[in-house]
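Chemist: Fold the following for me, if possible:
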Amino acid sequence: MGEGADATGAGRPRPLLLDPLAWHVTLFFGIQSMLFYAILAWLPSLYRDHGLSPATAGFLLSLAGLVQIPVTLLLPGIASRAADQVRHTVVATLLIGAGLAGILVAPLAAPYLWAVLVGVGTGAAFALALAMFVLRADQVADTARLSAMAQTVGYLISACGPLLVGLIHGLTGSWNPPLIVLLVLVVPLLWSGIRAGRAGVIGTRRVPAPADDHS
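Modeler: Sure, this is the predicted structure:
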């Protein structure tokens, strides 16, 4: 009699590397982190090059970080009560895109507004990405697996952000090309956010455990 499969027939969890939903969550986490760290590293330098004082440039970065606090505290509870989180990810992504577009097109026209938009957008995206670890899994073990995958791969992606911006700026001598690249990244962020935000959970398909027959 086979004793390798469990009594429920559930078997082993499906590998997350084969789960599209897990990859959508991972990409959303990684790209939003990439944008956040790129902005964190280079926003003051960008505004210094546009003529603002070091104090003002530093304050803009602080403002972007300050407005994240209430968003990251309140949004997960709000989003978790919704049927899905598609609208939340769309709004967060569009705020990031609007802030980056403002910095690109008219950096000195409304720098405080751009900082607030970017701050609220990145704060919301980060809060939603963390909430997805719980919302897209119905078992504690699956939450842990999803968190481990998304953060491992995601932070590897995010590490490329500051390096990419610095490299492009160094090669071109302008802030416009790296800002355009960051704006382009908003597209896959939106795509992965919509798919990760849809109702559903990972691990619903199981791989049968191999039988272990005993004579």
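Chemist: which other helices and strands contact the helix ranked longest in the chain?
Modeler: The residue-count maximum for a helix in the chain (DSSP state H) belongs to helix 20-49. With contacts defined as 3 or more Cβ pairs under 8 Å, 6 or more residues apart in numbering; DSSP states H and E, helix 20-49 has these neighbours: helix 54-66, helix 86-105, helix 111-135, helix 140-158, helix 160-172, helix 176-197. No exception for glycine: its C-beta is placed from N, CA and C like everyone else's.
Chemist: List the buried residues of the fifth one.
Modeler: Meaning helix 160-172. Buried residues in helix 160-172, defined by neighbour count with 16 or more other Cβ atoms under 10 Å: 161, 162, 164, 165, 168, 169.
Chemist: next one: the longest one
Modeler: Neighbour counts over helix 111-135 (16+ other Cβ under 10 Å) mark 111, 114-133, 135 as buried.
Chemist: and that helix, what does it pack onto?
Modeler: helix 20-49, helix 54-66, helix 68-80, helix 86-105, helix 140-158, helix 176-197.
Chemist: For the second one, give me every contacting residue.
Modeler: Residues outside helix 54-66 that contact it (Cβ atoms under 8 Å, 6 or more residues apart in numbering): 39-40, 43-48, 52, 111-112, 115-116, 118-119, 122.
Chemist: can you rerun that using 6 Å?
Modeler: 43, 44, 47, 48, 111, 115, 118, 119 (Cβ atoms under 6 Å, 6 or more residues apart in numbering).
Chemist: cool, stretch 155-171 as well?
Modeler: By Cβ under 6 Å, 6+ apart, stretch 155-171 touches 30, 33, 34, 37, 38, 41, 42, 177, 178.
Chemist: Perfect, I'm done here.
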